[in-house]
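pasting the structure only:
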């Protein structure tokens, strides 16, 4: 029986969207899956050394808030930072691992993390800003793995 494979495409760069790829990848790796995550566009922020990510409730009406906040107020200066602080506190209080810890778990579990070379070039990212141990490749290289994966997720 061959090893199961999980392919994830990570495209979001906000705090709330950073958790799913790392949680799913580390869990699958712990279950014996071979896992690759392809980080493209804003998802590349998840590979940066400094993970100063923000929560954005705009466009995410299902986000639970301690009190209802009208969309118009969410757009006010400082609201995003306040909501990010609230989310980080809630996660810490509930014992949820930090993004850095989850990313380190993925590295330890040998999850292959691939930065989209086209996006790195497009946004003129400096490779020194990214964590070590990642690979740089185009979509075609990722499709070689994803085409044979048992599960493919777009996050």
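Okay, I see it. Source: prediction; values computed, not measured.

got the contact list for the residue nearest in space to the middle of the chain?
Centroid-nearest residue in the chain, with C-alpha atoms, centre = their mean: residue 18, separated by 3.2 Å. Residue 18 makes contact with 12, 45, 46, 51, 53, 99, according to C-beta atoms under 8 Å, 6 or more residues apart in numbering. Yep, even glycine has a C-beta here, placed from its N, CA and C like the rest.

as CSV, the residues you listed with pLDDT and distance to residue 154 would be great.
Shown next, in CSV, are the contacts of residue 18 (pLDDT from 0 to 100; distance: C-beta to C-beta, whole Å):
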residue, pLDDT, distance to residue 154
12, 94, 10
45, 96, 17
46, 97, 15
51, 89, 21
53, 90, 19
99, 92, 20
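
pLDDT on the host helix or strand of the residue nearest to the centre of the chain, on average?
Here residue 18, judged by DSSP states H and E, is contained in helix 15-30. Per-residue pLDDT over helix 15-30 has a mean of 95.

okay then, goodbye and thanks.
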